[in-house]
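A.B. asks: what shape does this take:
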Amino acid sequence: MGNFFGLGISLREPTSLEECDSTWNSDSETEEYVGDRASGQTTPTPERKDDTGEEETEQTDRTIEPIPKPKRSFYAAKDLFKYRHKYPKLKDMRYHNDLCNLRFYMNKIPFKPEGVYIEDILSRWKGDYEKLEQNHTYIQWLFPLREQGLNFYAKELTTLEIEEFMTTKEAVKRYLLAYKLMLDFFGIRLVDKNGNVARASNWCERFKHLNESQHNYLRITRILKSLGELGYEHFKPPLVKFLLQEALVEETIPNIKHSALEYFVYTIRARKERRRLLRFAQQHYTPAESFIWGPPKKIKTEERKVAVKPTDTPSVVLDNKVTLEEVGEHKNQIKSETRSNENRQSKSSGEGSDTSASSPELNGNKNCVDEAEITSDSECHNFKDGVGIPPPE
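C.D. replies: You can find the predicted model right below:
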């Protein structure tokens, strides 16, 4: 088994989708999007229309099948888990090899099997969308990874080659030009050194093509992975955010939304960035109930807290374990003894004498009854002896 980041710590192979996705494991931020629920708004449900285009006002005999809810792919989640953790089980050969990816970008060798050099691709293939679309072997050379692609002539990156590549200005310069070449193919342009992107002048035509040619989504996933390997991790969030905006808000590339959420977002290594993008997507995703990429169960937890309310008459226990029922029994005992004393005094004093008014013992009992009758639940702790039990008579 390989080690984790070279520290000698083994990373167990994930066996479930939950183990592959740690996006929400350390969500310490306070804001929570649940579609538009965060602002108290709800996403309007589009009104159904019949075949004539008019709004359907009556229930028809036709059975409308529910839209199937999308499902997460364990294969995709596991693949991106390994990528984000730098392929922990991969036995990387750090010793010097032929460095074919670096030499290709130094314009010293052509890519195989076509035999075309990087300078020819950058100068002659730009704008040739037919060639870029039909050829399927150049992409593995333009955006190398540490995993094998469909072109078996292309070699995987090694950690040594990555280090050499990132310190070679000529290779880095051509790599950025290759990135711009592919962005232009998709109808996008690079705006600045921070990786921000915008629509290119040809966006309308290219977005239409991108929406219909879904194999290009695999290319975008590869490009995002390669950016992270060669020092441009910060380029990934702006591109993914742009694609989500176009797919979910502008609806210019609606077919890309599932790949963007299932693959593109999860190429980003920073959990905070993934959460930010997923919250944005959830805010605009329709139908809202089909959004399956988180936040996971936070809202349900809040609902459970609201549902479990204390009863109207809770069982109150005093500090010394004396319950209100026992206090009530003591009060009844005092009343009973008071009545007995009144009867005895009446018999001994004869007619009409009010002995209860002159009896200190009875007055003390009477006061105790009054106090017991007016004592609230919160005051049951505060009897004279300080332990929560009424003083003895």
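
A.B. asks: excluding sequence neighbours, find me the nearest residue to Ser259.
C.D. replies: In space, and not counting its chain neighbours, Ser259 is closest to Tyr217: 4.1 Å by C-beta to C-beta, 6 or more residues apart in numbering. For the C-beta atoms, the positions are set from N, CA and C on the backbone; glycine is no exception.

A.B. asks: restrict whatever helix or strand that neighbour lives in to CA atoms and write it as CSV.
C.D. replies: In this assignment (DSSP states H and E), Tyr217 forms part of helix 216-229. Coordinates of each C-alpha in helix 216-229 appear next as CSV, following Å, rounded to 0.1, in the frame of the first residue of the first chain:
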residue,chain,number,x,y,z
ASN,A,216,-15.9,17.3,-24.5
TYR,A,217,-17.0,17.1,-20.9
LEU,A,218,-14.4,14.4,-20.4
ARG,A,219,-11.8,16.7,-21.9
ILE,A,220,-12.8,19.5,-19.5
THR,A,221,-12.4,17.1,-16.5
ARG,A,222,-8.9,16.2,-17.8
ILE,A,223,-8.0,19.8,-18.2
LEU,A,224,-9.1,20.6,-14.7
LYS,A,225,-7.1,17.7,-13.2
SER,A,226,-4.0,18.7,-15.2
LEU,A,227,-4.3,22.3,-14.0
GLY,A,228,-4.1,21.1,-10.4
GLU,A,229,-1.1,18.9,-11.1
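
A.B. asks: let's see the pLDDT reported for Gly149.
C.D. replies: We have a pLDDT of 85 for Gly149.

A.B. asks: burial check on it, number of neighbours?
C.D. replies: Counted with other C-beta atoms under 10 Å, residues neighbouring Gly149 total 18.

A.B. asks: which regions of the stretch 151-300 of the chain sit below the pLDDT cut-off?
C.D. replies: 296-300 (pLDDT under 70).

A.B. asks: any chance you could map the helices in it?
C.D. replies: Applying DSSP state H, counting those that start in this stretch to the stretch 151-300 of the chain gives helices spanning 159-166, 169-186, 203-212, 216-229, 236-244, 257-259, 271-284, 298-307.

A.B. asks: which helices and strands does the third one pack with?
C.D. replies: With contacts defined as 3 or more C-beta pairs under 8 Å, 6 or more residues apart in numbering; DSSP states H and E, helix 203-212 has these neighbours: helix 129-134, helix 169-186.

A.B. asks: again, but for the first one
C.D. replies: Identification of packing neighbours for helix 159-166 by 3+ C-beta pairs under 8 Å, 6+ apart yields helix 100-105, helix 169-186.

A.B. asks: other residues contacting the first one?
C.D. replies: So that's helix 100-105. Contact with helix 100-105 is made by 109-111, 118, 141, 144, 154-155, 157, 161, 164-165, 168, 170-171, 174-175, as judged by C-beta atoms under 8 Å, 6 or more residues apart in numbering.

A.B. asks: same thing with stretch 246-262?
C.D. replies: The contact list for stretch 246-262 (C-beta under 8 Å, 6+ apart) reads 70, 72-73, 76, 203, 207, 210-212, 214, 217, 220-221, 240, 243-244, 278, 281, 284-285, 293.

A.B. asks: could you do stretch 115-127 as well?
C.D. replies: For stretch 115-127, contacts defined as C-beta under 8 Å, 6+ apart pick out 104-105, 107, 109-111, 131-132, 138, 141-142, 174, 177-178, 181, 184.

A.B. asks: buried subset of those residues?
C.D. replies: Neighbour counting with 16 or more other C-beta atoms under 10 Å marks 104-105, 109, 111, 132, 138, 141-142, 174, 177-178, 181, 184 as buried within the contacts of stretch 115-127.

A.B. asks: TSV for those, including distance to Ala260?
C.D. replies: Output for these, formatted as TSV (distance: C-beta to C-beta, whole Å):
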residue	distance to Ala260
Phe104	29
Tyr105	28
Ile109	34
Phe111	28
Leu132	21
Tyr138	24
Trp141	25
Leu142	21
Arg174	27
Leu177	25
Ala178	22
Leu181	21
Asp184	20
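
A.B. asks: which parts of the stretch 1-150 of the chain are helices?
C.D. replies: So, for the stretch 1-150 of the chain - with DSSP H, counting those that start in this stretch - the helices run 17-20, 74-84, 100-105, 118-124, 129-134, 139-142.

A.B. asks: ranking these by burial, who's on top?
C.D. replies: Comparing those by mean neighbour count (mean count of other C-beta atoms under 10 Å), helix 139-142 comes out on top with a mean of 24.

A.B. asks: what is that one packed up against?
C.D. replies: Helix 139-142 packs on helix 118-124, helix 169-186, helix 216-229, going by 3+ C-beta pairs under 8 Å, 6+ apart.
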